[in-house]
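In: One predicted model, sequence on top.
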Amino acid sequence: MTLDDPVAKIKGIGEKKAKLLSKLGIITIADLIYYLPRDYEAQGESVKIDGLKDGGVFNIMAVISGEPSLRRIKSGLNLAKFSLTDETGRVEAVFFNQPYLCKMYKAGDAVYVSGCVKRIGKSFQFTNPHIEKQGKQHTGVNPVYALTAGLTQKTMRLAVKAALESVRGQIAEIFPNEFRAEHRLSELNYSIYNVHFPENAEALAQAKRRLIFEELLLFNIALTERERRAETGAVMLSINDEEKACFLSRLEYKPTKAQCRVMSEIEADLRRDKPMNRLLQGDVGSGKTIPAFYAMKICVSSGYQCVMMAPTEVLAAQHFYNAQHILGDIGVNIELLTGSTPPAQRRTICQNIINGQTDIVFGTHAVLYDNVQFANLALVITDEQHRFGVGQRAMLETKARAPHTLIMSATPIPRSLALILYGKTDISVLDEMPPGRRPVKTFCVPEAKRRDMYDFLEKEIGKGAQVYIVCPLVEDGDVPGVRSSEHVFEEIKRRFADAALLHGRLKPQEKNDIIARFKTKKCSILVSTTVIEVGIDVPDATIMVIENAERFGLAQLHQLRGRVGRGKKTSYCFLMTEKSDNERLSILCKTNDGFKIAEEDLRLRGPGQFLGSKQSGMSDLYMANLIRDMAMLKQTKELAASMKASHPEIYAQWLSAAKTRFSRKMENTVIN
Ligand code: ADP
Ligand code: MG
């Protein structure tokens, strides 16, 4: 068996289990042995056989007495029976549908057995216990894996163990001996085995360190290779003073110092024939739209086309309307192209884009689809980058040879980390809020205080306030104790007549209508799922209520809260939750600083969750934690660069390892 074989080749893993494993991103044996435990748990109480009791979980050390027997009970079901003895007595272990065990074990083998014990008549029996040959040392801990519905820890442990056995000694070490000695790294086969089934605590620590080191090294290499970009070939874009003044005169307010700084950074980038590759970071509400529009203005003034992609239709439409207002001079043609643009209209728009009549295109990822071709695309802007996969962006970039790119993100990444992750990408930061903003007063509200909160809403609405109520994305009854938006809406309507409901099944046009009604104050409460999360801008909305707040990530809650606090009035955010002592949520009550929140979030969420594909729940980094292991992240980055220069043949080997490890995942890598 080889590492590239599909997991279904392992004995005991049928098609059904293989399918479940694929949900975790596990396709090959290599994927499986690199699917590292999320945690470890102590096994049951260790006893001699005469100490077993009915219904308990126990470990015993015993010898197999007599050949294991295999019996077919009925079609599709067979039973393996082991007889076990120690100096104090005798016990039976039965295994359903694991006939291979009879081949793996024979009379006289010394084994560990652990599992649930039942009394059968006068004697005891283990049913489907964990069985393992006795090694030199035994830690007494079991690996605990992240699972998916239908998969049990036991299945996972057996699968991993079988996979490890099947490729024992075959995992190719990618670190030469001297290199391992120099950096004090344990051998790979040993490390992998021990991280799943540790011999002892010291071996586990060693194994972890080696695997984190390797993971970060390869991760750095994958990042570096991903970010290789054209050095020249971009069109040079510039703007004259008159046009610049015209742009500024159309804004409703004076740009902040931070916005001015970012605009000149962008302007300088666009002047060069090296494609701009810039990340614009700024907390929710910091005003990222203005610099982005300025980039568009420069592009259009130079006679080229640009495109801006947003993650949702609502947001694309909002940008489109704003742009018409600010950029829609005589002669500038702006189009909106989304998944719901009617086919006939879509054909006309696409025509106009390809023949160069259209200057600016706003859209969702629908603009990516292949029949949209540009006449002379020079600038690509993506808003809220964390929603887009890298693969998608790469696809858009094929629409132009070496386009300038600007990525806007509200996900605050600590600067030191951003520098490592984004490498060659230039970073602009909007570190100043538009004037007059006040922190949003945030409270955790238990169910018992709901009535009081409604009273408060009523009072504030009377004074002209508008309210968002956000619910987790669930259907009623889906999850016990979680309120769906429909359910909440029904309740709210009884008390507040002018509430509106915005949910995912509405057509985009209907969504836009509801938002327009809310914007023009035709309704004062908007109940919704997280569709409003990104980008909606209603300055008079001053209250944000979040139902089942404990179900949201901190960064997401911060984004949601960013929908209020945009005007001059005091704004409030109510986190509805029974877990008011929740450490996570209390961070939000204490600070409005997105960077602090992100750091806390990273600290609490632990390894892996930071960079990864949300869709599959699979993350790029399984062992490493970018915050905790930042020093090693840096060290391995430098090491990779120096090895590339000094030992190209070793680097080449690492590169190919990085590609197999991260390529499938890199496509889906999202920064979140
Ligand atoms: P972001 O996309 O960074 O979350 P937006 O660009 O949507 O933020 O801006 C948030 C709000 O702040 C908008 O209502 C916008 O009109 C307003 N705004 C932006 N820049 C300024 C400024 N310099 N002065 C006052 N208000 C501003
Ligand atoms: Mg925005």
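Out: Received, thanks. Numbers count the residues shown, from 1 in each chain. Ligands and ions are numbered 1, 2, ... in the order given.

In: In the helix or strand containing S191, which residues are buried?
Out: In this assignment (DSSP states H and E), S191 forms part of helix 188-196. For helix 188-196, burial by neighbour count (16 or more other Cβ atoms under 10 Å) applies to L188, N189, Y190, S191, I192, Y193, N194, V195, H196. From N, CA and C alone the C-beta is placed, and that goes for glycine too.

In: Let me know the closest of those residues to A234.
Out: L188 (42.8 Å; Cβ to Cβ).

In: Now do the closest one against S646, distance only.
Out: 22 Å (Cβ to Cβ, to the nearest Å).

In: Which positions in the protein make contact with ligand 1?
Out: Contact residues, the chain versus ligand 1 (Cβ under 6 Å from any ligand atom): 253, 255-256, 259, 282, 284-290, 410, 434, 537, 539, 566.

In: just for the stretch 151-300 of the chain, where's the confidence low?
Out: Residue ranges of the stretch 151-300 of the chain with pLDDT under 70: 201, 226-230.

In: quick one, helices of it?
Out: Under the criterion DSSP state H, counting those that start in this stretch, helices of the stretch 151-300 of the chain are mapped to 153-166, 177-183, 188-196, 201-226, 241-250, 257-271, 289-301.

In: These into JSON lines, with extra columns for distance to K74?
Out: Shown next, in JSON lines, are the helices of the stretch 151-300 of the chain (distance: least, Cβ to Cβ, whole Å):
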{"stretch": "helix 153-166", "distance to K74": "22"}
{"stretch": "helix 177-183", "distance to K74": "53"}
{"stretch": "helix 188-196", "distance to K74": "34"}
{"stretch": "helix 201-226", "distance to K74": "43"}
{"stretch": "helix 241-250", "distance to K74": "79"}
{"stretch": "helix 257-271", "distance to K74": "72"}
{"stretch": "helix 289-301", "distance to K74": "67"}
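
In: Of those helices, which stretch is the most buried?
Out: Across the helices of the stretch 151-300 of the chain, averaging neighbours per residue (mean count of other Cβ atoms under 10 Å) puts helix 289-301 on top, at a mean of 25.

In: May I have it as CSV, with CA atoms only?
Out: C-alpha atoms of helix 289-301 as CSV (Å, rounded to 0.1, in the frame of the first residue of the first chain):
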residue,chain,number,x,y,z
THR,A,289,-15.1,52.5,-0.2
ILE,A,290,-13.6,55.9,-0.9
PRO,A,291,-10.0,54.8,-1.6
ALA,A,292,-11.4,52.0,-3.8
PHE,A,293,-13.6,54.4,-5.8
TYR,A,294,-10.6,56.7,-6.2
ALA,A,295,-8.6,53.8,-7.7
MET,A,296,-11.5,53.3,-10.1
LYS,A,297,-11.5,57.0,-11.0
ILE,A,298,-7.8,56.9,-11.8
CYS,A,299,-8.3,53.9,-14.0
VAL,A,300,-11.3,55.3,-15.9
SER,A,301,-9.6,58.7,-16.4
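
In: Can you tell me which helices and strands that helix packs against?
Out: helix 241-250, helix 257-271, strand 305-309, helix 313-327, strand 377-382, strand 404-409 (3 or more Cβ pairs under 8 Å, 6 or more residues apart in numbering; DSSP states H and E).

In: Specify the angle between it and strand 305-309 in degrees.
Out: For helix 289-301 against strand 305-309, the angle by axes from the mean of the first three to the mean of the last three Cα atoms, to 10 degrees is 150 degrees.

In: residues contacting the residue nearest to Q98 when sequence neighbours are not counted?
Out: Spatially, and ignoring its direct neighbours in sequence, Q98 is nearest to A80 (6.0 Å; Cβ to Cβ, 6 or more residues apart in numbering). By Cβ atoms under 8 Å, 6 or more residues apart in numbering, A80 lies in contact with P68, S69, L70, R71, V94, F95, Q98, P99, L101, C102.

In: a markdown table for those residues, including secondary structure and neighbour count?
Out: Below are these laid out as a markdown table (DSSP: H, G, I helix; E, B strand; the rest coil; neighbours: other Cβ atoms under 10 Å):
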| residue | secondary structure | neighbour count |
| --- | --- | --- |
| P68 | coil | 20 |
| S69 | strand | 11 |
| L70 | strand | 16 |
| R71 | strand | 11 |
| V94 | strand | 17 |
| F95 | strand | 21 |
| Q98 | coil | 18 |
| P99 | coil | 17 |
| L101 | helix | 17 |
| C102 | helix | 17 |
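
In: Closest one of those to R278?
Out: After measuring those against R278 - Cβ to Cβ - the closest member comes out as Q98, at 56.6 Å.

In: what sits against the closest one?
Out: G12, A80, N128, L158.

In: does the residue nearest to Q98 sit in a helix, a strand or a coil?
Out: Applying DSSP: H, G, I helix; E, B strand; the rest coil to A80 yields a three-state assignment of strand.

In: Distance check, it against L70.
Out: 5 Å.

In: Identify the contacts common to the two.
Out: P99, C102.

In: hmm, back to that, let me have the helices and strands packed on helix 289-301 in a markdown table, adding distance to V117 as columns.
Out: Supplementary listing: these in a markdown table, determined by distance: least, Cβ to Cβ, whole Å:
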| stretch | distance to V117 |
| --- | --- |
| helix 241-250 | 77 |
| helix 257-271 | 66 |
| strand 305-309 | 59 |
| helix 313-327 | 58 |
| strand 377-382 | 58 |
| strand 404-409 | 54 |
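
In: who wins for proximity to Q206 among these?
Out: Here strand 404-409 is closest among these (Cβ to Cβ), at 37.4 Å.

In: CA atoms only for the closest one, dumped as CSV, please.
Out: Taking C-alpha atoms only, strand 404-409 is exported to CSV below (Å, rounded to 0.1, in the frame of the first residue of the first chain):
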residue,chain,number,x,y,z
HIS,A,404,-3.6,45.9,-10.8
THR,A,405,-5.3,44.4,-7.9
LEU,A,406,-6.7,45.8,-4.7
ILE,A,407,-8.2,43.6,-2.0
MET,A,408,-10.3,45.1,0.7
SER,A,409,-10.7,43.3,3.9
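
In: can you list contacts of that strand?
Out: 234, 237, 266, 269-270, 275-282, 288, 292, 295, 299, 378-386, 393, 397, 425, 671.

In: Neighbouring strands of that strand in the sheet, and parallel or not?
Out: strand 277-282 (parallel), strand 377-382 (parallel) (DSSP bridges).

In: quick one on the thing from earlier: the inter-axis angle of the helix holding S191 versus helix 153-166?
Out: With the same axes, to 10 degrees as the basis, helix 188-196 and helix 153-166 are set at 170 degrees to each other.

In: Which elements pack onto the host helix or strand of C116?
Out: Using DSSP H and E, C116 sits within strand 110-120. Judged by 3+ Cβ pairs under 8 Å, 6+ apart, strand 110-120 is in contact with strand 57-64, strand 89-96, strand 123-127, strand 130-133.

In: and that strand, which residues are buried?
Out: So, applying 16+ other Cβ under 10 Å, buried residues of strand 110-120: V111, Y112, V113, S114, G115, V117.

In: residues touching the fourth one, list them.
Out: S114 sits next to Q43, G44, V57, F58, N59, I60, P129, H130, N142 when contact means Cβ under 8 Å, 6+ apart.

In: buried subset of these?
Out: Q43, G44, F58, N59, I60, P129, H130, N142.

In: could the residues you listed be laid out in a markdown table, adding pLDDT?
Out: Formatted as a markdown table, the buried ones among the contacts of S114 follow (pLDDT from 0 to 100):
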| residue | pLDDT |
| --- | --- |
| Q43 | 66 |
| G44 | 72 |
| F58 | 86 |
| N59 | 85 |
| I60 | 88 |
| P129 | 82 |
| H130 | 76 |
| N142 | 80 |
